[in-house]
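Q: Let me see the structure of the following:
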Amino acid sequence: MLMTSSFSSLCRQAQAARMEKANQTSVKEFIIVGFPNLRLFKILFFLILMVIYVLTLMGNTLIIALVWRDCRLHSPMYWFLCNLSFSGFWFTTVILPKTMESIVSDNHMISFSSCITQTYFYFFLGTSEYILVAVMSFDRYIAICKPLHYPIIMSGQLTLQLVICTWMGAFASVLCPTILVSQLPFCGPNVINHFFCDIRPLLQLACVDTSLIERVNSTFASLVVLSSLFLTTVSYFYIIHTILHIPSAIGRQKTFSTCAAHITVASIFYSCSIFMYVLPKKLHSSDFYKLVAFLHTVITPLLNPFIYTLRNEKVQIVFKETLRQRTGNVSERF
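A: Residues are numbered from 1 along each chain as shown. Okay, the predicted model is just below:
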């Protein structure tokens, strides 16, 4: 009788545990708040985002096409730029289409799997950009500070290895935190006060203590951001030191112009990132955090191709020649 009672008690406990687990994982969809203050201007806001998205796709595609087709741009610097544009192309695509859809349809729902997928690719592509910015600064350091050794050091093999390591490193560094987040129980509420599935607002909705995952996420993020920032800063410290010792003013200006675009992009990129990571935890769902994230995820990928096109003389020459060729071909047809 005692054994029967104990067995029944164990069965009830197991059933209660299963029910509790089922209740904890009951959330299958999340609500993305977005920008509720702009609902009265949603059509205008949608059109602005549409223009930004189209320009971003066109700008980054143009950079990729120019580098791919013109042999004058077949050098390590432009191959890295091509990868940066490729990353920016998809980085924006991960966020903006869903945001624009929710604005037009007023459907702010996103499934659990779609949310986790968006989170992963957002951080995967963002991490690849951090690494690429650092790699490009190293490339400029070798080109300016060790110009005679540049063809030997930055060989085609090393360039390929750096690109492969960039994508593999970004893939591996983001995989572990994303898997940990995907295994968390979400039992409600399911409202994400953001315009996409960022990991920090998402962790606030979990039904368990997420301090360990937050530490893991912060460790990975700090390692990527700070190491990238350190390498970029050190590289440009030596670059600027070398430029200042060039006797000719024209030589200094010409040398500096070769890395001015990259300095501009890196400054914008790291400024937004530092703001996002130094903000107190309680502000991670605030409007200011969303504004900084908007600049980082939407505006920066838009500016990158235009900055490189406007500030890089060789890209300008190739672009103008390509435009003239296309215009001439169209004129001949008519």
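Q: roughly how far apart are residue 176 and residue 182?
A: 11 Å (CB to CB, to the nearest Å). Bear in mind the C-beta positions are built from the backbone N, C-alpha and C, glycine included.
Q: Contact partners for residue 81?
A: Shown in contact with residue 81 (CB atoms under 8 Å, 6 or more residues apart in numbering): 63, 67, 136, 308.
Q: what about it, which helix or strand?
A: helix 76-105 (DSSP states H and E).
Q: okay, now the residue nearest to residue 287 when sequence neighbours are not counted: neighbour count?
A: Once flanking residues are discounted, residue 287 sits nearest to residue 37: 7.5 Å by CB to CB, 6 or more residues apart in numbering. The local packing of residue 37 (other CB atoms under 10 Å) involves 8 other residues.
Q: So residue 37 is in contact with residue 291, correct?
A: No - at 11.0 Å, residue 37 and residue 291 do not qualify as touching, with contact defined as CB atoms under 8 Å.
Q: List the buried residues in the helix or strand encompassing residue 215.
A: Secondary structure assignment for residue 215, by DSSP H and E: helix 211-244. Buried residues in helix 211-244, counted by 16 or more other CB atoms under 10 Å: 213-214, 217, 220-221, 224-225, 228-229, 231-232, 235-236, 239, 242-243.
Q: try stretch 287-299
A: 289, 290, 292, 293, 294, 295, 296, 297, 298.
Q: would a markdown table of those with secondary structure be doable?
A: Shown next, in a markdown table, are these (DSSP: H, G, I helix; E, B strand; the rest coil):
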| residue | secondary structure |
| --- | --- |
| 289 | helix |
| 290 | helix |
| 292 | helix |
| 293 | helix |
| 294 | helix |
| 295 | helix |
| 296 | helix |
| 297 | helix |
| 298 | helix |
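Q: Least confident of these?
A: The lowest pLDDT within those belongs to residue 289, with 78.
Q: Isn't it up against residue 276?
A: Yes - using CB under 8 Å, residue 289 makes contact with residue 276 at a distance of 7.1 Å.
Q: Work out for me the element the residue lying closest to residue 89 once chain neighbours are set aside sits within.
A: Closest residue to residue 89 apart from its sequence neighbours, by CB to CB, 6+ apart: residue 60 at 4.3 Å. Element membership for residue 60 (DSSP H and E) is helix 42-69.
Q: can I assume residue 30 sits in a strand?
A: Yes - counting by three-state DSSP, residue 30 falls inside a strand.
Q: number of nearby residues for it?
A: Residue 30, neighbours per other CB under 10 Å, totals 24.
Q: Okay, it and residue 194: tell me how far apart.
A: 10 Å.
Q: Can you list the low-confidence ranges for this structure?
A: 1-26, 277-286, 310-311, 326, 328-334 (pLDDT under 70).
Q: my guess is residue 181 meets residue 214, correct?
A: No - counting by CB under 8 Å, residue 214 is not a contact partner of residue 181; they are 10.2 Å apart.
Q: okay, and the common contacts of these two?
A: residue 203.
Q: which residue packs closest to residue 256, ignoring adjacent ones?
A: Leaving aside its chain neighbours, residue 256 sits nearest to residue 243 (5.5 Å; criterion: CB to CB, 6+ apart).
Q: check contacts around the one you found.
A: Residue 243 neighbours (CB under 8 Å, 6+ apart): 144, 252, 255, 256.
Q: Farthest-apart pair in those residues, please.
A: Based on CB to CB, the longest span within the contacts of residue 243 runs between 144 and 252 and measures 10.9 Å.
Q: For the two, indicate the residue with more neighbours.
A: residue 144 (21 against 15).
Q: any idea how far the more buried one is from residue 97?
A: The value you get for residue 144 to residue 97, if CB to CB is used, is 40 Å.
Q: burial of residue 146, as a residue count?
A: Neighbour tally, residue 146, other CB under 10 Å: 14.
Q: can you check residue 246 too?
A: Residue 246 has 15 neighbours, counted by other CB under 10 Å.
Q: and what of the one 5 residues further on?
A: Residue 251: 11 surrounding residues under other CB under 10 Å.
Q: can you check residue 96 too?
A: Neighbourhood size, residue 96 [other CB under 10 Å]: 21.
Q: residue contacts, it?
A: 49, 52, 53, 56, 298.
Q: For the fourth one, grab the count of nearby residues.
A: Residues contacting residue 56 under the criterion other CB under 10 Å number 26.
Q: Residue 90 is in contact with that one, correct?
A: No - using CB under 8 Å, residue 56 is not in contact with residue 90; the gap is 10.6 Å.
Q: Just say helix, strand or coil for residue 184.
A: coil.
Q: nearest residue to it other than its sequence neighbours?
A: Residue 184 sits nearest to residue 206 (CB to CB, 6+ apart), 4.4 Å away.
Q: The one you found in helix, strand or coil?
A: What three-state DSSP gives for residue 206 is coil.
Q: I am finished for the moment; much appreciated.
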